[in-house]
Structures are given as C-alpha cells and as structure tokens.
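Participant: Please find the sequence and the predicted model below.
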Amino acid sequence: MKFKSMAAILGGVAMGFLGLASQVGADETATEIGTAIEIKHHVTGTLQDNKRDLQQNVRVFRNELLETSDKASAEFKLDDDTKLALGPGAELLLDEYVVGGADGETKVSLSLVKGAFRFMTGKNKSESYKIQTPSATIGVRGTVFDVYVSEKGEAAVLLHEGEVEVCSRRRSCRKHKKRGHIVHASLAGVVHAPRKWAGKMLPGIKVKRAFPFVGKRLKIDPVRRLRHSSLINHAVRKPARKAGRAVAKTGRKAGRTVRKTGRQIKRSTRKVRRAIRRANPFK
C-alpha cells in the first residue's frame with residue numbers, strides 16, 4: 001500500500017513537472033514583443049496553430065505571422081521602439097526578438113514574406129537588426145525605408161533616411177544611401193544599383209502599389225515622406241511621350257498628303273472627262 005502511495009506521489013510530481021515544463025515552453029514561445037498601434041480592416045496574427053483577429057492596442061508575440069487582407073493595413077511598435085507598417089496583402093513573420101543577449105543588446109529578426117512595408121529602427125545598434133526577404137537580406141544602418149516583396153519573391157527597397165545594405169542569397173551586396181531611389185534584388189541573385197522606378201523593374205506592379213505609404217502620414221511616422229511622382233524615372237517617360245507626339249505628327253502629315261492626293265486625282269478625273277466630251281464627235 002505504501003509502495004502504491006509512493007508511486008502515486010512520484011507520478012503526480014512527474015506530471016506536475018511535465019506540465020510546468022510545457023507551460024514554460026509555451027511562455028517562451030509566446031513572448032510579447034510589441035503592440036498594434038493602428039489596424040485598418042481585416043488583420044490577423046498566427047502563432048503556431050492559433051489564428052486571431054488583431055485589434056488596436058493588442059500585444060503581438062515572437063514567432064507570430066502577421067497578415068493583412070487585400071484592403072487592410074497595420075502599424076506596430078515593438079518594445080525596443082522599432083516601428084513597422086504593413087500595406088494591403090502583406091505577410092510578415094516576427095522571427096526573433098531576444099532581449100539582453102550575449103552582448104547585452106536586443107536582437108530583432110523579421111521575415112518579409114510578401115507585400116509592402118515600412119521599417120523604422122528603434123533604440124538598438126544597427127547590427128542588431130536582420131531583415132530577410134525571399135531574394136535578399138537587408139542590413140540596417142539606422143534608417144527609415146520601405147520594402148516591396150512581390151509574389152515571386154523579388155524585393156525593391158526605397159530609402160527615406162540613413163543607409164541600408166542589400167545582399168542577395170548569393171552574397172552579392174550593394175550599399176544604398178540615395179534617398180528617394182530604389183534598389184532591386186532579383187531572384188537570380190542580382191542586386192541592381194540605386195535608381196528611380198521604371199515599369200521594367202517589377203512588371204505589372206505600379207509604384208503606388210509597391211510603396212503605398214509614400215506621401216502619407218502614419219501613426220508610427222507622422223512625416224509625409226516623398227511623393228510618388230518623385231520616384232518615377234521621368235527620363236524614360238519623356239522620350240516615350242516625345243516618340244508618341246512624333247508618330248502622331250507623322251500620321252497627321254500622312255493624312256494631309258492623302259487628302260491632297262485625293263483632291264488632285266478628282267481634279268484630274270474631271271479634266272479627263274471634259275476632254276473626252278469635247279473630243280466626242282457624236283455629242
């Protein structure tokens with residue numbers, strides 16, 4: 001009887017220990033790291049197998065996948081003062097958020113899966129941030145920048161302030177410090193030099209879709225930054241407009257020539273008919 005009682009006690013202790021360990025593991029996984037500052041329309045957060053609708057002022061967790069619907073947007077502030085904005089149809093994974101690591105610094109790692117984003121650094125050193133996309137890794141140098149990740153995984157990085165370094169998966173890197181210019185990272189591993197937006201950069205994607213926060217005041221960033229018109233490569237558009245005008249002018253000239261030729265033919269036809277009537281002896 002004593003043996004049975006002892007076994008029951010040990011079993012209960014073991015179960016209690018396992019339950020505590022499970023709870024600790026769950027707590028570690030569900031570490032709160034930030035707050036939703038602004039939620040517009042339908043925005044969700046998924047942690048492990050649990051999916052929830054996000055509302056303003058709710059807390060978000062490490063390893064949580066944040067998603068916005070096609071007409072939604074969201075703004076978040078992490079506990080280290082890092083600020084994030086997600087545009088319509090975006091997905092972002094809060095990979096890592098470690099407070100007081102081996103060097104005493106907070107580590108922030110984010111994965112931008114798809115869609116449009118704005119990123120503003122917090123109080124940590126620049127090397128504390130790691131931002132990943134399917135085609136590139138973005139190193140931060142104390143900055144404000146926008147990122148668009150296409151459905152295929154290509155990335156376009158628009159700089160507002162500071163400096164970033166964009167590295168492809170093949171470790172081809174390029175520093176970016178030209179405000180109002182865009183670095184494009186392709187899936188082929190090519191990181192293009194900073195340039196203005198052109199239609200060939202991401203075919204089928206318009207600049208307003210790629211960078212929806214340009215020119216707008218946000219809760220996390222009340223400054224109106226740049227304008228969409230300032231991002232476009234007008235040097236590409238002007239020759240196209242000039243060529244279009246030249247084609248139209250050539251068309252007008254051709255039309256006038258055709259009409260003039262038609263009038264001349266009519267006059268010649270009338271002259272021939274008069275000549276025939278005069279030469280007809282049976283008239």
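Facilitator: Good, I have the coordinates. Numbers count the residues shown, from 1 in each chain.
Participant: Any stretches of this protein with poor pLDDT?
Facilitator: Applying pLDDT under 70 to the chain flags residues 1-29, 99-104, 236-247, 251, 272, 275-277, 279-283.
Participant: If we use 90, what do you get?
Facilitator: 1-31, 80, 95-108, 122-130, 140-143, 169-171, 199-200, 233-283 (pLDDT under 90).
Participant: which residue ranges form the helices in it?
Facilitator: 2-29, 207-210, 228-231, 234-279 (DSSP state H).
Participant: Now do the same contact list for the residue nearest to residue 61 when sequence neighbours are not counted.
Facilitator: Take residue 61 and drop its neighbours on the chain: the residue closest to it by C-beta to C-beta, 6 or more residues apart in numbering is residue 30, 5.0 Å away. Yep, even glycine has a C-beta here, placed from its N, CA and C like the rest. The contact partners of residue 30, taken as C-beta atoms under 8 Å, 6 or more residues apart in numbering, are 47, 61-62.
Participant: go on, residue 126?
Facilitator: 139-143.
Participant: and if we set it to 7 Å?
Facilitator: 140-142 (C-beta atoms under 7 Å, 6 or more residues apart in numbering).
Participant: between those residues, which is closest to residue 178?
Facilitator: Nearest to residue 178, judged by C-beta to C-beta, of the contacts of residue 126 is residue 141 at 13.3 Å.
Participant: now that closest one: how far from residue 92?
Facilitator: Distance, residue 141 to residue 92, using C-beta to C-beta, to the nearest Å: 21 Å.
Participant: Which one of those two is surrounded by more residues?
Facilitator: Taking neighbours as other C-beta atoms under 10 Å, residue 141 and residue 92 compare with residue 92 leading, 25 against 15.
Participant: Tell me how many other residues surround the residue lying closest to the more buried one once chain neighbours are set aside.
Facilitator: Nearest residue to residue 92, sequence neighbours excluded (C-beta to C-beta, 6+ apart): residue 66, at 4.8 Å. Neighbour count for residue 66, taken as other C-beta under 10 Å: 23.
Participant: Equivalent analysis for residue 168, please.
Facilitator: Burial of residue 168 is recorded as 19 neighbouring residues (other C-beta under 10 Å).
Participant: Same question for residue 201.
Facilitator: 19.
Participant: Which residues are in contact with it?
Facilitator: So residue 201 contacts 156, 184 (C-beta under 7 Å, 6+ apart).
Participant: what is the most centrally placed residue in the chain paired to in the beta sheet?
Facilitator: The centre of the chain sits closest to residue 148, judged by C-alpha atoms, centre = their mean, with a distance of 1.6 Å. Beta-bridge pairing for residue 148 (DSSP bridges): residue 116, residue 156.
Participant: for it, what are its contacts?
Facilitator: 116, 156, 210-211.
Participant: Would you check which pair of those lies furthest apart?
Facilitator: Maximum distance among the contacts of residue 148 (C-beta to C-beta): 9.5 Å, for 116 and 156.
Participant: Find the residues that touch each one of these two.
Facilitator: The contact sets of residue 116 and residue 156 overlap at 148, 210 (C-beta under 7 Å, 6+ apart).
Participant: circling back to that earlier point, quick one: the residue nearest to the centre of the chain and residue 213, what's the gap?
Facilitator: 11 Å.
Participant: Setting aside sequence neighbours, what's the nearest residue to residue 54?
Facilitator: In space, residue 54 is closest to residue 43, 4.6 Å off (C-beta to C-beta, 6+ apart).
Participant: next one: residue 139
Facilitator: Using C-beta to C-beta, 6+ apart, the nearest residue to residue 139 is residue 165, at 3.9 Å.
Participant: so that neighbour sits right up against residue 137, yeah?
Facilitator: No: using C-beta atoms under 7 Å as the test, residue 165 is too far from residue 137 to be in contact (8.7 Å).
Participant: So residue 214 sits against residue 229, correct?
Facilitator: No: in this structure, residue 214 is not within contact of residue 229 by C-beta under 7 Å, at 9.8 Å.
Participant: Neighbour count for these two, which is higher?
Facilitator: For residue 214 versus residue 229, neighbours defined as other C-beta under 10 Å are more numerous around residue 214 (22 against 10).
Participant: Spit out the contact partners of the more buried one.
Facilitator: 225-228, 231.
Participant: what's the answer for residue 43, then?
Facilitator: 54, 67-68, 72, 74.
Participant: Likewise for residue 42?
Facilitator: Listed by C-beta under 7 Å, 6+ apart, the contact partners of residue 42 are 69, 72.
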